[in-house]
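Asker: could you look at this predicted model? Sequence included:
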Amino acid sequence: MNKFYETIKKAQVAGRVLVSDGAWGTFLHQRGLEPGECPEAWNRTRPSDVAAVARSYVDAGADMILTNSFGGNPFRLAHFGEESRCFELNKAAAEISRTEADRARIIRSGPAKIQAFSAETARPGLTNTEDPPAWEPRQVFVAGSMGPSGLMLAMGDVSEQELYEGFRLQAQGLLAGGVQGFCVETMSDPIEAVCAVRAARDAAQVPAAKNGWGADRQPPVFCTFTFAKTTDGEYRTMTGASVEEAITAVKEAGASVIGTNCGGGFTQMIEIVKEIRSFDAQTPVLVHANAGLPRYEDGKTIFPEGPEFMASMLNELVAAGTNIVGGCCGTGPDHIRAFVRVLERAHKR
Ligand SMILES: [Zn+2]
């Protein structure tokens, strides 16, 4: 089985929760990315700044990180005249995240555990296979971020075939740079999400076949939607799809991890996960939650939910059926560190 997907399933069976990363864009802006500038171009022009974001999440204890490729599809890149560099910029995004993730292959625990590790390796015959050692090298996985095109299928801006081909090119670049999975995210239109999921799955299928891999060795495709609560109290995407309609469509297209990202904060995420679990008890669920609904004060965007608040709600989010938790807009390494602490205290890591 693909190591990434295997890790997710094993954690699910063992009742453990994996931690993902937080926001990227905010931190690139803090490092000088101008409002009209192409974030993905920084994978080539400012790789060390992009790497610093990735590293901050690896250091915070994340089990997986994404890539600086949210707007890396040719449709979004076209706003900056960068569409011809789609493959290149996505490949660079993946390489940066992989380099930082692979740096994490260090001993997970403190000095006492390191000594135990040395003693074990000196006498390998004593290894107790039934009780997995706490000194297992830490592995951080990389999922290639794939955000929406910004075009509307319903308005005739683009065709499904064009979307599919654009997303496939992006996925090919991410794969060439070493991603171990894909994260199709912030989706609103289930039809567009299906195009992206199929494109990622098909892009992975070609190299997999070349390597003689079976279907189970292919990089997993995650897909998360953004839902908002309507005045009727129901959750819908911006295009009007219900939670069940959206999730079912991408599962049929081959998404093996489902969930929700962005949105209106932790309380709403808990309700959405409960709704997902009402029709799907099995598929791993990923939540990348915003730090609450943003407010605008004095020309600044303020996210109300700090690391302590979000961490205080985490056990409830997990109890609702979440398997992987991370942050979206307004979250940073401090949120991720707080999640890791809560899960360790609850013995869910
Ligand atoms: Zn967000």
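Answerer: Arrived safely, thanks for sending. These figures come from a predicted structure and were not determined experimentally. Numbers count the residues shown, from 1 in each chain.
Asker: quick check: buried residues in the longest helix belonging to the chain?
Answerer: Ranked by number of residues, the top helix in the chain under DSSP state H is helix 190-210. By neighbour count on 16 or more other Cβ atoms under 10 Å, the buried set for helix 190-210 is 190, 192-201, 203-204, 208. For every residue, glycine as well, the C-beta is placed using N, CA and C.
Asker: I'd like the residues you listed as CSV, with distance to the ion appended.
Answerer: Output for these, formatted as CSV (distance: Cβ to the ion, whole Å):
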residue, distance to the ion
Pro190, 19
Glu192, 17
Ala193, 16
Val194, 21
Cys195, 21
Ala196, 17
Val197, 20
Arg198, 24
Ala199, 22
Ala200, 20
Arg201, 24
Ala203, 25
Ala204, 26
Ala208, 31
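Asker: where's the dip in pLDDT among these?
Answerer: Least confident of the buried residues of helix 190-210 in the model: Ala208, at 72.
Asker: helix, strand, or coil at the residue of the stretch 101-250 of the chain found nearest the ion?
Answerer: Using Cβ to the ion, the closest approach of the stretch 101-250 of the chain to the ion is made by Thr186 at 6.6 Å. Three-state assignment for Thr186 (DSSP: H, G, I helix; E, B strand; the rest coil): strand.
Asker: isn't it right up against Ser149?
Answerer: No - with contact defined as Cβ atoms under 8 Å, Thr186 does not reach Ser149; the gap is 11.1 Å.
Asker: related to what we said a few turns ago, paired strands for the helix or strand following the longest helix of the chain, with orientation please.
Answerer: For helix 190-210, the succeeding helix or strand toward the C-terminus, using DSSP states H and E, is strand 221-225. If you go by DSSP bridges, strand 221-225 pairs up with strand 181-187 (parallel), strand 257-262 (parallel).
Asker: show me where this structure has its strands.
Answerer: In the chain, the segments counted as strands under DSSP state E are 18-19, 64-65, 141-146, 181-187, 221-225, 228-229, 235-236, 257-262, 285-289, 295-297, 300-302, 324-327.
Asker: just tell me which of these ends up closest to Gln172.
Answerer: strand 141-146 (10.3 Å; Cβ to Cβ).
Asker: now that closest one, how far from the centre of its chain.
Answerer: Centre-to-centre, strand 141-146 and its host chain are 6 Å apart (Cα atoms, centre = their mean, to the nearest Å).
Asker: then stretch 279-296?
Answerer: Here stretch 279-296 is found 11 Å from its chain centre; the criterion is Cα atoms, centre = their mean.
Asker: and that stretch, what's buried?
Answerer: If you call a residue buried by 16+ other Cβ under 10 Å, then stretch 279-296 has these buried ones: 280, 283-292, 294.
Asker: now render the residues you listed as CSV, adding pLDDT and distance to Glu83.
Answerer: Shown next, in CSV, are the buried residues of stretch 279-296 (pLDDT from 0 to 100; distance: Cβ to Cβ, whole Å):
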residue, pLDDT, distance to Glu83
Asp280, 98, 36
Thr283, 98, 33
Pro284, 98, 33
Val285, 98, 33
Leu286, 98, 29
Val287, 98, 31
His288, 98, 26
Ala289, 97, 31
Asn290, 95, 29
Ala291, 95, 32
Gly292, 92, 34
Pro294, 89, 29
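Asker: of these, closest to the ion?
Answerer: When the buried residues of stretch 279-296 are compared for distance to the ion (Cβ to the ion), Asn290 comes out closest, at 4.8 Å.
Asker: residues in contact with the closest one?
Answerer: Neighbouring residues of Asn290 by Cβ atoms under 8 Å, 6 or more residues apart in numbering: 262-265, 303, 305, 327-331.
Asker: and the ion, which of these contact it?
Answerer: Counting by Cβ under 5 Å from the ion, 262, 328-329 from the contacts of Asn290 sit close to the ion.
Asker: in these, which residue is surrounded by the most others?
Answerer: Among these, the one with the most neighbours (other Cβ atoms under 10 Å) is Cys328, at 26 neighbours.
Asker: once you drop chain neighbours, what's closest to Asp63?
Answerer: Distance criterion Cβ to Cβ, 6 or more residues apart in numbering; nearest residue to Asp63, sequence neighbours excluded, is Leu18 at 4.3 Å.
Asker: which residues does the closest residue to the ion within the stretch 151-300 of the chain bridge with?
Answerer: Going by Cβ to the ion, the ion is nearest to Cys262 of the stretch 151-300 of the chain, at 3.3 Å. Beta-bridge pairing of Cys262 under DSSP bridges involves Ala289.
Asker: count of neighbours near Glu165?
Answerer: For Glu165, the number of neighbouring residues by other Cβ under 10 Å comes to 14.
Asker: give me the pLDDT for it.
Answerer: With respect to pLDDT, Glu165 has a value of 98.
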